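1. Sequence first, then the predicted structure, then my questions.
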Amino acid sequence: MAVQSVEAPADVREQALPGYAVAAIREDGRWRCTRLDPDALVDLDTAITELRALRSTGAVLGLLDVDDEFFVLLRPTPGGVALMVSDAVAALDYDVAADVLDLLRVELPPDDDALDEPWPEGDLAILADLGLPADELEVLAGEVELYPDEQLAAIGRRCGFAEALAEVVDER
């Protein structure tokens, strides 16, 4: 009997997007960052599964910079996962953003009503205990002059993991 290898479905591999998926982990007062599977940019379940596997006594946070269009923050919680997407309108074009809205039970915006301004959605207080209050995260997500990688770098600076994030992102 021949044994077949199991790979990710071809449609997921072929849909790999520019950007990065990184986990930021805080243990014993220190941050470290590690790269997540690139499939996390197209498959929210991949990101959630990988983050849950990173058992830690401290904070575990997922940061997705998707196609230089928007970012997603994920944080495993005892009851599930806290989520935030910087622009819910991205759900019209990106499955991962649509999956975030689905888990949040937020309606997909109708195409003809798509906003010109970013529409942050989800748990805006996701980083409040790490030093970034909800109102400041909302303002940062609405900064149209910044690319998602710049927004995530600012989040890293505010929460204290900017150096660790930069090291992993610059390895690309």
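-> In hand now; what should we look at? These figures come from a predicted structure and were not determined experimentally. Residues are numbered from 1 along each chain as shown.
2. who's in contact with the nearest residue to residue 26 once chain neighbours are set aside?
-> Leaving aside its chain neighbours, residue 26 sits nearest to residue 58 (3.8 Å; criterion: C-beta to C-beta, 6 or more residues apart in numbering). Just so you know, the C-beta spots here come from the backbone N, C-alpha and C atoms, and that holds for glycine as well. Residue 58 sits next to 25, 26, 27, 28, 29 when contact means C-beta atoms under 8 Å, 6 or more residues apart in numbering.
3. List the contacts of the fourth one.
-> Residue 28 makes contact with 57, 58 under the criterion C-beta under 8 Å, 6+ apart.
4. pLDDT value on it, please?
-> On pLDDT, residue 28 comes in at 88.
5. if you go through this protein in chain order, where are the strands?
-> Counting by DSSP state E, the chain has strands at residues 19-27, 30-35, 60-66, 70-77, 80-85, 121-122.
6. ranking the ones you listed by burial, who's on top?
-> Ranked by mean neighbour count under mean count of other C-beta atoms under 10 Å, those are led by strand 60-66, which reaches a mean of 25.
7. now that strand against strand 80-85, angle please.
-> Here strand 60-66 points in a direction 30 degrees away from that of strand 80-85 (axes from the mean of the first three to the mean of the last three C-alpha atoms, to 10 degrees).
8. what distance separates strand 60-66 from the centre of its chain?
-> How far strand 60-66 lies from its chain's middle: 3 Å, per C-alpha atoms, centre = their mean, to the nearest Å.
9. Contacts for that strand, please.
-> By C-beta under 8 Å, 6+ apart, the list of residues contacting strand 60-66 reads 17, 19-26, 36, 40-41, 47-48, 50-51, 54, 71-76, 90, 94, 96-97, 127, 130, 148-149, 152, 155-156, 159, 165.
10. Tell me where the model's unsure across the chain.
-> 1-16, 109-115, 172 (pLDDT under 70).
11. in it, which helix has the most residues?
-> As assigned by DSSP state H, the longest helix anywhere in the chain is helix 148-159.
12. Name the residues of that one that come out as buried.
-> For helix 148-159, the buried set under the neighbour-count rule, 16 or more other C-beta atoms under 10 Å, comprises 148, 149, 151, 152, 153, 154, 155, 156, 158, 159.
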